[in-house]
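Q: just to be clear, the model below is a prediction. Sequence and coordinates:
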2 protein chains.
Amino acid sequence: MSAPDRRRTRPEPHVDAVFAALADPTRRRLLDQLSAEGPLTATELAASYPVSRQAVVKHLGALAAAGLLDAERHGREVRYGVVTSRLGGASAWLADVGARWDDRLVALERQLRPPGD
Amino acid sequence: MSAPDRRRTRPEPHVDAVFAALADPTRRRLLDQLSAEGPLTATELAASYPVSRQAVVKHLGALAAAGLLDAERHGREVRYGVVTSRLGGASAWLADVGARWDDRLVALERQLRPPGD
DNA sequence: TTGTTGTGCAACTCTACGGTTGCAGATTAC
DNA sequence: GTAATCTGCAACCGTAGAGTTGCACAACAA
């Protein structure tokens, strides 16, 4: 059948971790802030949030585990910086779903149109 | 300071709901399947999943609440179809974070480069 | 009408996770 | 050296949500 043979961007195991990390608004805000202000430590970040430093540390850990941050140690402090490469995977997944659906719509429209048109 | 005055794509309340909905792998798979096979009912979908129909119904409800699906009733059955417009918001957020970080990197590089270069 | 099938609602369990506090271990400053 | 400060680890609590089951209701088929 005339199924669009668009190759799926499927087996991206990272995508799962990225979306899970991005699900929490606090984590998205952290990513937002880090992308705007550059690498900061957990202690510095915690000052801007209504939660404890430990909570922030956990969120940073989740973001780092998803590959969205990388931690760099300088002496006794650890600065977290954004890594954008993984964002692309999630973005690609979104685009893929959208595109496949658009394909379906086009196919559907073609099917609905009378043959002699 | 020479902060890039890129206008933020900020106050998108939908983005929050979309990411939360996309956080669950089952829901992403549902979206995947619906985008590939077209509108289906909860009962039909449930056959492909290791969970009960009720669980699928809940997921579909979450996706619909986030504006990612729309439910259309025909007689006694309800078919769920993809709505792609909201995906754009999430995608834009990802792109925005990435772009702002890239701006920072450029600014940083410029700052590190010796003035007389 | 009666039987069948699909949907919707409610109550319940269980786990994951966001949050906390407390303390131990490093590292810097004095 | 000692004191101050930052990070890391562990135990604990509470709630949201993913899952279940059971049943009532609506719509189609006979």
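A: Okay, I see it. Please read these numbers as outputs of a predicted model, since none were measured by experiment.

Q: quick one: residues contacting the residue in chain A positioned nearest to chain B.
A: Nearest to chain B, among the residues of chain A, is A:A23, at 3.3 Å (Cβ to the nearest Cβ). All C-beta spots, glycine's among them, are computed from the backbone N, C-alpha and C. Taking Cβ atoms under 8 Å, 6 or more residues apart in numbering or on different chains, we find A:A23 in contact with B:F19, B:A20, B:L22, B:A23.

Q: any idea how far the last one lies from A:V18?
A: Summarising the geometry, the distance separating B:A23 from A:V18, computed by Cβ to Cβ, to the nearest Å, is 10 Å.

Q: thinking again about what came up before, give me the buried subset of the contacts of A:A23.
A: Buried members of the contacts of A:A23, scored by 16 or more other Cβ atoms under 10 Å in any protein chain shown, are B:F19, B:A20, B:L22, B:A23.

Q: which two in the residues you listed are spaced the farthest apart?
A: B:A20 and B:L22 (7.4 Å; Cβ to Cβ).

Q: shouldn't A:E72 be within a helix?
A: No - A:E72: not assigned to a helix; according to DSSP: H, G, I helix; E, B strand; the rest coil it is strand.

Q: ok, it touching A:V78?
A: Yes - using Cβ atoms under 8 Å, A:E72 is in contact with A:V78, at 7.0 Å.

Q: between these two, which one's more packed in?
A: Legend: neighbour count by other Cβ atoms under 10 Å in any protein chain shown for A:E72 and A:V78, higher for A:V78 (16 against 11).

Q: and that one, which of the three is it?
A: Following three-state DSSP, we place A:V78 in the strand state.

Q: closest to chain A out of the contacts of A:A23?
A: B:A23 (3.3 Å).

Q: how about the strands in chain A?
A: Residue ranges of the strands in chain A, as given by DSSP state E, are A:40-41, A:69-74, A:77-82.

Q: can you redo the ones you listed as TSV with distance to DNA strand C and mean pLDDT?
A: Formatted as TSV, the strands of chain A follow (distance: least, Cβ to the nearest atom of the strand, whole Å; pLDDT from 0 to 100):
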stretch	distance to DNA strand C	mean pLDDT
strand A:40-41	13	94
strand A:69-74	7	90
strand A:77-82	8	92
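
Q: mind putting these into JSON lines with distance to DNA strand D?
A: Formatted as JSON lines, those follow (distance: least, Cβ to the nearest atom of the strand, whole Å):
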{"stretch": "strand A:40-41", "distance to DNA strand D": "3"}
{"stretch": "strand A:69-74", "distance to DNA strand D": "7"}
{"stretch": "strand A:77-82", "distance to DNA strand D": "4"}
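
Q: would you convert those strands into TSV that also reports distance to B:S52?
A: Putting those into TSV (distance: least, Cβ to Cβ, whole Å) gives the following:
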stretch	distance to B:S52
strand A:40-41	45
strand A:69-74	37
strand A:77-82	40
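
Q: A:L105 - how many residues pack around it?
A: Neighbours of A:L105 (other Cβ under 10 Å): 14.

Q: in terms of pLDDT, where does it sit?
A: Listed pLDDT for A:L105 reads 75.

Q: all good on my end, thank you.
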